[in-house]
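Participant: Provide a 3D model corresponding to the input given below.
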Amino acid sequence: MANPPFRLVGSLLVAGGIAAGATVAISVAWAAIGGGDLPLHGWIALLLGIFGTVGLAWGLMALAFKSDREGWDDRVDNRLDPGGDRDGDHDDKP
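Facilitator: The predicted structure is shown next:
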C-alpha cells in the first residue's frame, strides 16, 4: 500500500495534469474557431480560475467527508428549528 503523503502528491499531480490538459484542449478549440490569441493576463486568469475551482471543490468535499466520518451531522440539536416543530410535539417529552 502506498504511503499517504505519496498518494496525495500523486493524486494532486493527476488532477493538475487533467487541468493542464483541459486548458490546452480549450485553447486549441478556441484557436480552431478563429478566436484571438489569449494574452498573458488571460492565461493567468484562466489558470487561477481552474485551480481555484478545483481547490475549492476539493476543500469542500474534504470537509463534507470529515463531517460525515466524525458524525457532526448526527449531533445537530434541532430543538430551536422553527420549521421542525410542526405538531407542537418535542422528541424530548415523554
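Participant: Would you map the helices across the protein?
Facilitator: All helices of the chain, identified by DSSP state H, fall at 4-32, 40-70.
Participant: which secondary structure elements does the last one contact?
Facilitator: When you say that, I think you mean helix 40-70. Contact here means 3 or more CB pairs under 8 Å, 6 or more residues apart in numbering; DSSP states H and E; on that basis helix 40-70 packs against helix 4-32. C-betas here are computed from N, CA, C, even on glycine.
Participant: same question, the first one
Facilitator: With contacts defined as 3+ CB pairs under 8 Å, 6+ apart, helix 4-32 has these neighbours: helix 40-70.
Participant: Run the chain-centre distance for the helix it packs on.
Facilitator: The gap between where helix 40-70 is centred and where its chain is centred comes out at 5 Å by CA atoms, centre = their mean, to the nearest Å.
Participant: Same question for stretch 10-21.
Facilitator: Averaged C-alpha coordinates place stretch 10-21 at 15 Å from its chain's average position (CA atoms, centre = their mean).
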